[in-house]
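*Asks:* Just need the structure, nothing else, for what follows:
(chains A and B)
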Amino acid sequence: MFKKILIANRGEIALRIIRTCKEMGIKTVAVYSTVDRDSLHVRFADEAVCIGPPPSRDSYLNIPSIISAAEITNADAIHPGYGFLSENARFSKICAENGIKFIGATAEQINAMGDKASAKETMKNAGVPTIPGSDGLIKDVEQGLTIAEQIGYPIIIKATAGGGGRGMRVIWSAEEFEPAWDSARQEAGAAFGNDGIYLEKFIEDPRHIEIQIVGDQFGKVCHLSERDCSIQRRHQKLTEESPSPFMTDELREKMGEAAIRGAMAVGYEGAGTVEFLVDKHRNFYFMEMNTRIQVEHPVTEEVINYDLIKEQIKVACGVPISGKSYYPNRHSIECRINAEDPDNGFRPSPGRITHFHSPGGHGVRVDTHVYAGYVIPPNYDSLIAKLITVAQTREEAISTMERALSEFVIEGVKTTIPFHIKLMKNPNYRAGNFTTKFMETNDFGS
Amino acid sequence: MNIKEIQELIRFVAKSGVSEVAIEQEEFKITIKAGNASQNSGYYPAGQNQEVMQVAPSTPKPSTIIHTPPAFPKNDQPDTSHLITIKSPMIGTFYRTPGPNKENFVNVGDEITPGKVVCIIEAMKLFNDIESEFSGKIVKVLVENASPVEYDQPLFLVEPL
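*Replies:* A predicted model of the protein is given here:
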């Protein structure tokens, strides 16, 4: 087992990792930028070293500084958390070259899953359903129509150089194809200087449902069921839950099996998440794989009752897994509390927290690095706390969340607590009736 | 003894395997005990450590060793407020010489100008020359040769010209 782990991260996840290390009797090293000197992860670690000024590229993304910190503290492993260097193949490789165990995926695995095109190819070859589409750009309308027939309507025309929804058109039948093709190409040409077009099946009313997997160093992979993360604003998740209200036992078996197959295809080691889009007919399609621990991992921890950080550390140390998969026997919801103003376009609200009282009681968990008096620096993301509830049923998990949100006091900065209170009352949310379009089609008054 | 010297001493005690170091000077005395009960169980009965600074703080209070200034009487210290501090621009290992058996880059009393290499900081086997940004005279060297330094750690005190 490792003697000392350096946590190459900050904020709530750094504290999360330190907690598990403490329980396992592993010494911890925190690294921090000058502006994070008073952060909780720095106080709770056994040792702490300052690695640079506030900008991430000079501190938390600075590979030589982090390796140097591990060298001077004699750390034998590095846990990268999420974000920052957690999916940086070069960093994973450099750790290996310096005799430090990177608690995460190997450089090869990160690269295989990092490139969308190659990830899709790998998954397809492993028999994992992927979004049907054209193999490359469409030459002309005739080819387009043929491929569209093969894929099956509705399809979406996408600009290869595209972004921000431009150069995209949804087509519901062959008659609509040619005019849509012309207009999309024109828009793409004008916006990106590149009118290259490809086609994909249009997933109707998609839900974002992801499967947590864990693989050991001996080729075994298991799954820990799903999390539903459909409620997003500009592709940022706001709340997550497990199990998904849209899931059935049969779908879970199929998706779990597919996720395992995909992970095994790259010999995956560690905790990872395979993300899928699920349409209204319960067809599921591979979207991407995240080769790291995710922000919303507590939701899975609560419903299957396992410490996922501990599993990551054990697997990194060569402990084999049983191969058994795990199913939720309770219901858990997480609300991400951000220092943002939900009444003003969710604008970030850094500053000093003057009052902080976190909720408690049965079924309530708060993962946070902040406290009264803490100054939220403007240099990093706005997540300040994760509020997680767990109960026997979804209804009870929601009412526990409502009760906990009403007790949660954070003053001095604006937070998204009022937004979550409204969300919990929303009838569509309560009915489990949501797709990734939820935030666009439900009004929260801002 | 200032906070940096105490930090160095603590690191030395922790690394060296020495279990206890006691130093007595005119104004104060310090005792440092390393490790926890598993190493010295018979020798250090629990609860006796009121004046002892633990090497590895195990409670979630701010670590006074690494972060906050100590509450030692400063009235006999010379006034250093006019001196410039050269701080480390990176984390790594501090070296006073270009190589083993070579002369120090600078010594106390030496004059330096902007661009003069004052030390090397090594990280990941890369040796970085650290140049002075100031003109002045070296008054004090704050770090031992071959010891670890963190970002912004004071290295030299310089009397500006």
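
*Asks:* contacts and neighbour counts: CA atoms only from here.
*Replies:* OK.

*Asks:* Can stretch A:9-17 be said to contact chain B?
*Replies:* No - judged by CA under 8 Å from any CA of the partner chain, stretch A:9-17 makes no contact with chain B; its nearest approach is 11.5 Å.

*Asks:* Run through who's touching that stretch.
*Replies:* A:7-8, A:30-32, A:39-41, A:44, A:60, A:79-82, A:84, A:295, A:309, A:367-369, A:384-385 (CA atoms under 8 Å, 6 or more residues apart in numbering or on different chains).

*Asks:* Contacts only, for residue A:394.
*Replies:* A:331-332.

*Asks:* in the longest helix along chain B, what's buried?
*Replies:* Counting by DSSP state H, the longest helix found in chain B is helix B:3-16. Buried residues in helix B:3-16, counted by 16 or more other CA atoms under 10 Å in any protein chain shown: B:3-4, B:6, B:8, B:10-11, B:13-14.

*Asks:* what does stretch A:145-163 give?
*Replies:* So, applying 16+ other CA under 10 Å, buried residues of stretch A:145-163: A:145, A:147-148, A:151-162.

*Asks:* nearest to chain B, of the residues you listed?
*Replies:* residue A:161 (38.7 Å; CA to the nearest CA).

*Asks:* I'd say the closest one and residue A:198 touch.
*Replies:* No - using CA atoms under 8 Å, residue A:161 makes no contact with residue A:198, being 10.2 Å away.

*Asks:* Could you chop chain B up by domain?
*Replies:* With domains defined by automatic domain parsing, chain B comprises B:3-54, B:84-160.

*Asks:* Mind putting those domains into JSON lines with distance to residue A:253 and mean pLDDT?
*Replies:* Formatted as JSON lines, the domains of chain B follow (distance: least, CA to CA, whole Å; pLDDT from 0 to 100):
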{"stretch": "domain B:3-54", "distance to residue A:253": "48", "mean pLDDT": "62"}
{"stretch": "domain B:84-160", "distance to residue A:253": "46", "mean pLDDT": "95"}
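
*Asks:* Not counting stretch A:102-119 itself, show me its contacts.
*Replies:* So stretch A:102-119 is in contact with A:77-80, A:86-93, A:95-96, A:122, A:266-271, A:288-292, A:312-313, A:316, going by CA under 8 Å, 6+ apart.

*Asks:* quick revisit: looking at the domains of chain B, which is closest to chain A?
*Replies:* domain B:84-160 (5.0 Å).

*Asks:* Save the domains of chain B as CSV, and put in distance to residue A:108 too.
*Replies:* Shown next, in CSV, are these (distance: least, CA to CA, whole Å):
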stretch, distance to residue A:108
domain B:3-54, 36
domain B:84-160, 22
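
*Asks:* Please identify the deepest-packed of these.
*Replies:* Across the domains of chain B, the average number of neighbours (mean count of other CA atoms under 10 Å in any protein chain shown) peaks for domain B:84-160, which reaches a mean of 18.

*Asks:* roughly how far is that domain from the heart of the chain?
*Replies:* 13 Å (CA atoms, centre = their mean, to the nearest Å).

*Asks:* Ends of it, what's the gap?
*Replies:* 7 Å (CA to CA, to the nearest Å).

*Asks:* In which helix or strand does residue A:334 reside?
*Replies:* strand A:331-338 (DSSP states H and E).

*Asks:* actually residue B:81, not the one I wrote
*Replies:* With DSSP H and E as the criterion, the answer for residue B:81 is that it lies in no helix or strand.

*Asks:* Could I get the contacting residues of it?
*Replies:* By CA under 8 Å, 6+ apart, residue B:81 lies in contact with nothing.

*Asks:* go on, the one 5 residues further on?
*Replies:* If you count contacts by CA under 8 Å, 6+ apart, residue B:86 has them with B:132, B:154-158.

*Asks:* Go again with 6 Å.
*Replies:* By CA atoms under 6 Å, 6 or more residues apart in numbering or on different chains, the residues touching residue B:86 are B:154-156.

*Asks:* Dig out what it forms beta bridges with.
*Replies:* Counting by DSSP bridges, residue B:86 forms beta bridges with residue B:156.

*Asks:* what does residue B:148 give?
*Replies:* Per DSSP bridges, the residues bridged to residue B:148 are residue B:93.

*Asks:* Surely it touches residue B:91?
*Replies:* No - applying CA atoms under 6 Å as the test, residue B:148 and residue B:91 come out as separate, 7.6 Å apart.

*Asks:* Which strand or helix spans residue B:140?
*Replies:* Assigned by DSSP H and E, residue B:140 falls in strand B:136-141.

*Asks:* That strand: partners in the sheet, and parallel or antiparallel?
*Replies:* strand B:111-112 (antiparallel), strand B:154-160 (antiparallel).

*Asks:* Next, see if the very next helix or strand once past the first one gets close to chain A.
*Replies:* As assigned by DSSP H and E, the chain's next helix or strand after strand B:111-112 is strand B:117-123. Yes - in this structure, strand B:117-123 sits against chain A according to CA under 6 Å from any CA of the partner chain; the contacting residues are residue B:123.

*Asks:* Would you list the strands that the helix or strand just after strand B:117-123 pairs with, along with their directions?
*Replies:* Sequence-wise, the next helix or strand downstream of strand B:117-123 (DSSP H and E) is strand B:126-131. Strands adjacent to strand B:126-131 in the sheet, as given by DSSP bridges, are strand B:117-123 (antiparallel).

*Asks:* what's around residue A:129, how many residues?
*Replies:* 20 (other CA atoms under 10 Å in any protein chain shown).

*Asks:* what's near enough to touch it?
*Replies:* Counted by CA under 6 Å, 6+ apart, residue A:129 has contacts A:285-286.

*Asks:* Could you rerun that using 7 Å?
*Replies:* A:284-286 (CA atoms under 7 Å, 6 or more residues apart in numbering or on different chains).

*Asks:* ok, now residue A:340?
*Replies:* By CA under 7 Å, 6+ apart, the neighbours of residue A:340 are A:346-349, A:382, A:414-416.

*Asks:* Can you pull the phi/psi pair for the residue nearest to it when sequence neighbours are not counted?
*Replies:* Nearest residue to residue A:340, sequence neighbours excluded (CA to CA, 6 or more residues apart in numbering or on different chains): residue A:348, at 4.2 Å. Main-chain dihedrals, residue A:348, degrees, to the nearest 10: phi -60, psi 140.

*Asks:* Noted, bye for now.
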